[in-house]
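S.K.: Test case, fold it:
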Amino acid sequence: MVSGHLRIQNGIYQCIISYNDYNGKRKTKSISTGLVAKGNKKRAEEMLSELRRTFVPPKPERGENEFREDMLFSDFIPLWLSAIEKTVKPTTYSSYWNMTMKKILPYFEGKKLKLNEVKGKDIQNFCVHELKSVGANTVRHEYVLLHKMFKYAYRMDLVVNNPVEKVDPPRVDRYEGKPFTAEELKILLNAAKDELLGLIILVTAMYGLRRSEVLGLRWRAIDFENDVITINHTLTEVNFKGQTKLNPADRTKNKSSCRTLPLSGSVKIRFIALRAQQEENKKLCGNSYNKEWSDYVFVNEIGDIITPSYMESAFPKLLKKCGLEHRRFHDLRHTCATLMNQQKVPLNHVQAYLGHSDIQTTSNIYTHLSWDDKTGSLHAMEKAVKVPMFEGQKHAWENAKNQETSLIRKRGMEKGEKSLTE
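M.R.: Reported below is the predicted structural model:
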């Protein structure tokens, strides 16, 4: 995006143009209008507008876009981003680009370090600097990204070692999601039962889908005749160079995530009703209906796709409306696994249902024992462990019962006194 403004220098209007160069780096350029400041403001503004419309960023000079051993690390970074752009998923590249341009590049630009001069202490200083403003998990991601950069530089024979390997990454506490209880999920579904959001929540919780999977669900993936639903397409958003774009893809997070599941009877009825409503909306809207997303299940009344960013704002509002504590939308996936675990579904079945690549992920992250589960485990241990009688055990039991009786009596008296004062 090219932006600009006027500036008067030595009595002459100058057009100051701001643009992204071929490496995505923000630069400015001053271009003289040749117009004296007095009486020419409107004409200068017209020249600025035309310049913004037609301006093309200058191509890099020969050698500027090449890897060199003595280049600045800050110059190496955008070249590395360009080199790996086509080797990773768009969502991954978007994450790399944003983290690099917002955090890593600004820090090292100020250091003026050459690529082959960066040492372990410089990486450590960066991590310490970042920990002052962001969490350990974010810094660990930045650490991993720096490691990738220098690993690439080492493979290109630009450095003799990877300085990031000399630094220990910050320790990160494993995040545990907060699954909804069956009662909380019921409240949530009842609150949005007549809305499209409610159906999205129902399908997500019922099948333990990722957000990208549920929003990427297409009609062609639903076999109403054989009652089968296939998860093989995703919809994500990528933020690249200041622009947010939708990224539909015929792939899932991993090979195991591509899965076929039975179609629930209750969900099938809702799908049939939704499809009929969409056909009606097409007739009512005519040419105004957005047909770009016509194969997608979750679109609004005029055919626009339901986006991840919309869910990010709508879901917390629904939780607040229901009086439920804040949770991530992804916790609906945790809920699915947890409820299946409570229903004694075997762990390997949960793994296949959710599309995890390994069973350890299912075990570590997505199963949370309820209080009943823990109580049941305790009772099992009490049966298994034969605790010997100890001296004075009978007397101790009698004391405990007397204390419990006294406590119950005391609570009753307090309750009676409270009733009298009321």
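
S.K.: what's the burial count for the nearest residue to P170 once chain neighbours are set aside?
M.R.: Nearest residue to P170 in three dimensions, chain neighbours excluded: A136, at 4.1 Å (Cβ to Cβ, 6 or more residues apart in numbering). To be clear about C-beta, it is placed using only N, CA and C from the backbone, and glycine gets the same treatment. Using other Cβ atoms under 10 Å, A136 is surrounded by 16 other residues.

S.K.: wouldn't A136 be in contact with R171 here?
M.R.: Yes: using Cβ atoms under 8 Å, A136 is in contact with R171, at 6.6 Å.

S.K.: rewinding a little: the residue nearest to P170: what's it in contact with?
M.R.: A136 sits next to 170-173 when contact means Cβ atoms under 8 Å, 6 or more residues apart in numbering.

S.K.: and if we set it to 7 Å?
M.R.: Residues in contact with A136 (Cβ atoms under 7 Å, 6 or more residues apart in numbering) are 170-172.

S.K.: swap in N10?
M.R.: No contacts exist for N10 under Cβ under 7 Å, 6+ apart.

S.K.: Which pLDDT does the model give it?
M.R.: Per-residue pLDDT puts N10 at 86.

S.K.: now P58
M.R.: 74.

S.K.: do the same with K112
M.R.: Reported pLDDT for K112: 90.

S.K.: and if you look at S370?
M.R.: The score at S370 is 51. That number is its pLDDT.

S.K.: F390 too?
M.R.: 57.

S.K.: Pull out the buried residues from the contacts of A136.
M.R.: Among the contacts of A136, those scoring as buried are P170 (criterion: 16 or more other Cβ atoms under 10 Å).

S.K.: and the contacts of A136 as CSV, adding secondary structure and distance to E279?
M.R.: Output for these, formatted as CSV (DSSP: H, G, I helix; E, B strand; the rest coil; distance: Cβ to Cβ, whole Å):
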residue, secondary structure, distance to E279
P170, coil, 53
R171, coil, 54
V172, coil, 49
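
S.K.: which stretches of the stretch 151-300 of the chain form strands?
M.R.: Read by DSSP state E, counting those that start in this stretch, the stretch 151-300 of the chain holds these strands, from start to end of the chain: 222-223, 228-231, 234-240, 243-249, 259-262.

S.K.: List of residues touching the fourth one?
M.R.: Under the criterion Cβ under 7 Å, 6+ apart, residues 90-91, 216, 234-238, 305, 307 lie in contact with strand 243-249.

S.K.: among these, who's most crowded?
M.R.: G216 (26 neighbours).

S.K.: doesn't N232 make contact with that residue?
M.R.: No: at 8.8 Å, G216 does not count as touching N232 under the criterion of Cβ atoms under 7 Å.

S.K.: rewinding a little: and E165, which of the strands of the stretch 151-300 of the chain is closest to it?
M.R.: Minimum separation from E165 across the strands of the stretch 151-300 of the chain (Cβ to Cβ) falls at strand 234-240, 29.4 Å.

S.K.: tell me the angle that closest one makes with strand 243-249.
M.R.: 150 degrees (axes from the mean of the first three to the mean of the last three Cα atoms, to 10 degrees).

S.K.: For strand 234-240, what is the distance to the chain centroid?
M.R.: With Cα atoms, centre = their mean, to the nearest Å as the basis, strand 234-240 stands 10 Å off its chain's centre.

S.K.: contacting residues for S288?
M.R.: Neighbouring residues of S288 by Cβ under 7 Å, 6+ apart: I302.

S.K.: Just the pLDDT at it, thanks.
M.R.: 93.

S.K.: Now tell me which helix or strand of this protein has the poorest mean pLDDT.
M.R.: The least trusted helix or strand in the chain, going by mean pLDDT, DSSP states H and E, turns out to be helix 371-384, with a mean of 55.

S.K.: any idea how far the closest residue to G177 other than its chain neighbours lies from V172?
M.R.: The shortest distance from G177 to any non-neighbouring residue, by Cβ to Cβ, 6+ apart, is to H334 (3.9 Å). H334 sits 19 Å away from V172, going by Cβ to Cβ, to the nearest Å.

S.K.: Likewise for F298?
M.R.: 33 Å.

S.K.: I figured T204 hits L215, correct?
M.R.: No: the criterion here is Cβ under 7 Å, and T204 misses it with L215 at 9.5 Å.

S.K.: F76 is in contact with K114, isn't it?
M.R.: No: F76 is not in contact with K114 according to Cβ under 7 Å; the separation is 9.1 Å.

S.K.: Between those two, tell me which one has more neighbours.
M.R.: Set F76 next to K114 and count neighbours by other Cβ under 10 Å: F76 wins out with 24 against 16.

S.K.: ok, and the closest non-adjacent residue to the more buried one?
M.R.: Nearest in space to F76, with sequence neighbours left out and distances taken as Cβ to Cβ, 6+ apart, is L115 at 4.8 Å.

S.K.: List the residues that contact the one you found.
M.R.: Contacts for L115 (Cβ under 7 Å, 6+ apart) come out as 69, 71-73, 76, 153, 158-159.

S.K.: what's the neighbour count on V56?
M.R.: 7.

S.K.: what about stretch 113-120, start to end distance?
M.R.: 13 Å (Cα to Cα, to the nearest Å).

S.K.: Figure out how far that stretch is from the centre of its chain.
M.R.: The chain centroid and the centroid of stretch 113-120 are separated by 32 Å under Cα atoms, centre = their mean.

S.K.: And stretch 79-99, by the same measure?
M.R.: Distance of stretch 79-99 from its chain centroid, counting by Cα atoms, centre = their mean, is 17 Å.

S.K.: List the buried residues of it.
M.R.: Across stretch 79-99, burial judged by 16+ other Cβ under 10 Å covers 79-81, 91, 93-97, 99.

S.K.: Verify the stated contact: Y154 with E165.
M.R.: No: applying Cβ under 7 Å, one finds Y154 not in contact with E165, separated by 9.8 Å.
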